[in-house]
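Undergrad: Fold the following, please.
(one chain, ligands or ions: 2)
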Amino acid sequence: MTAEAKQAADFRPRRSVLYMPGANERALEKAKGIPADALILDLEDAVAPSAKESARERVCAAVVEGGYGQRELIIRVNGRDTDWHADDLRAAAKAGPDAILVPKVGSADEVHAIERDLVAAGAPEHTKIWAMVETPIAMLHALDIASASPRLAVLIMGTNDLAKELRVEHVPGRAPLLTGLGLSLLAARAAGKVIIDGVYNNVKDAEGFAAECQQGRELGFDGKTLIHPGQVEPCNTAFSPTEAQLTESAEIVKAWAEAEAEGRGVVTVNGRMIENLHVDNARRLLAVGEAIKARSAS
Ligand SMILES: CC(C)(COP(=O)(O)OP(=O)(O)OC[C@H]1O[C@@H](n2cnc3c(N)ncnc32)[C@H](O)[C@@H]1OP(=O)(O)O)[C@@H](O)C(=O)NCCC(=O)NCCSC(=O)C[C@H](O)C(=O)O
Ligand SMILES: [Mg+2]
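TA: Ligands and ions are numbered 1, 2, ... in the order given. Got it, this is the predicted structure:
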């Protein structure tokens, strides 16, 4: 992989990851014009049992046909404990999306089994595994799951299932879910993986949604999963570095280069102490900003 390709892969924007019901042909078409970074074409919760087979065909055909531009395409298959899973996985592997998302992954062994099944189904190498972490056992095995395979690229929080399993309520600030969110984040970062926050169910509550995006960003998530096109733009804004952050990051990198040239290991910018670690973070923010700019220009 060239240095440019590695940089593009490392900083690929995944701010907004929109679920779309796989049975909804109109939504699949509409998504070609929605500015989401990634689209999850869903065969699981958003599809009624009677529509599972037709949704599978429709989603796989949409992936093969393409037309989604830079948007990453992910197929969410039904869980491993369902009768649809094996057929979903085989069909999705053949369609070759950017990733296959598997619900309710609870152990490293499951990741290994998914990987074996993908290889057996002839999935192309570019098709990664994304895992939903949404059960108490997944929270407790999060590091094993995140580090099970280099093919596993992204963890997705399933906060509805997690809330159900924990028997907790959805409340502003998400206090009952913070332990699970934190464990999953720690695991993803320790394993060097991307992690995306769960969905906000009330599509009419813009204020509550904005607050939850801000919380997700502050906690360290790379982006948020979404259920409605109206959530995409505010989410992109929430998970993009601000102009002020980019300006300050550039100042930090410049001040650091000057300090290094003078043999100093510490410097201040806007009154704050800057050390090597702050410079690393400033460089990361600038790279994220560049990747977003490149995405907007394409
Ligand atoms: C939530 C919805 C059911 C709301 O639907 P509706 O009231 O019909 O929305 P609108 O009338 O405002 O829709 C306006 C237009 O936008 C299109 N649309 C709506 N949603 C999507 C979408 N997700 N992707 C693409 N396009 C979408 C409509 O078709 C309208 O188009 P037009 O007719 O041309 O005007 C609905 O938004 C919806 O179904 N959302 C997705 C639900 C879903 O995927 N759920 C499963 C994933 S969430 C999950 O599983 C969580 C996780 O596992 C966990 O445990 O937490
Ligand atoms: Mg779920």
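
Undergrad: From Ala261, how far off is Ala210?
TA: Per Cβ to Cβ, to the nearest Å, Ala210 is found 43 Å from Ala261. C-betas here are computed from N, CA, C, even on glycine.

Undergrad: Between these two, which has more neighbouring residues?
TA: Comparing Ala210 with Ala261 by other Cβ atoms under 10 Å, the one with more neighbours is Ala210, at 16 against 8.

Undergrad: Do I have it right that that one meets Thr237?
TA: No - Ala210 lies out of contact with Thr237 (Cβ atoms under 8 Å); the separation is 9.0 Å.

Undergrad: what about Leu41, is that helix, strand or coil?
TA: strand (DSSP: H, G, I helix; E, B strand; the rest coil).

Undergrad: So it versus ligand 2, what's the distance?
TA: 15 Å (Cβ to the ion, to the nearest Å).

Undergrad: Count the neighbours of the nearest residue to that residue once chain neighbours are set aside for me.
TA: Leaving out its chain neighbours, the residue that sits closest to Leu41 by Cβ to Cβ, 6 or more residues apart in numbering is Val59, at 4.3 Å. Residues near Val59, counting by other Cβ under 10 Å, number 28.

Undergrad: Give me the contact list for the helix or strand containing Val59.
TA: Using DSSP states H and E, Val59 maps to helix 52-65. Identification of contacts with helix 52-65 by Cβ atoms under 8 Å, 6 or more residues apart in numbering yields 21-23, 25, 28, 41, 43, 47, 73, 75, 78, 84, 87-88, 91-92, 94-97.

Undergrad: following it, which helix or strand comes up?
TA: Remark: after helix 52-65, the chain's next helix or strand is strand 72-76, criterion DSSP H and E.

Undergrad: Identify all contacting residues around that following strand.
TA: By Cβ under 8 Å, 6+ apart, strand 72-76 touches 12, 14, 17, 19, 22, 37-44, 59-60, 63, 88, 92, 95, 97-103, 130, 132.

Undergrad: picking that back up, any of the contacts of helix 52-65 buried? List them.
TA: By neighbour count, with 16 or more other Cβ atoms under 10 Å, the contacts of helix 52-65 hold 21-23, 28, 41, 43, 47, 73, 75, 78, 84, 88, 91-92, 95-97 as buried.

Undergrad: The residues you listed also near ligand 1: which ones?
TA: Pro21 (Cβ under 6 Å from any ligand atom).

Undergrad: wait, Leu183 sits on Met139?
TA: Yes - here Leu183 lies in contact with Met139, judged by Cβ under 8 Å, at a distance of 4.9 Å.

Undergrad: Would you mind telling me which of the two has the busier surroundings?
TA: Higher neighbour count among Leu183 and Met139: Met139, with 23 against 17, using other Cβ under 10 Å.
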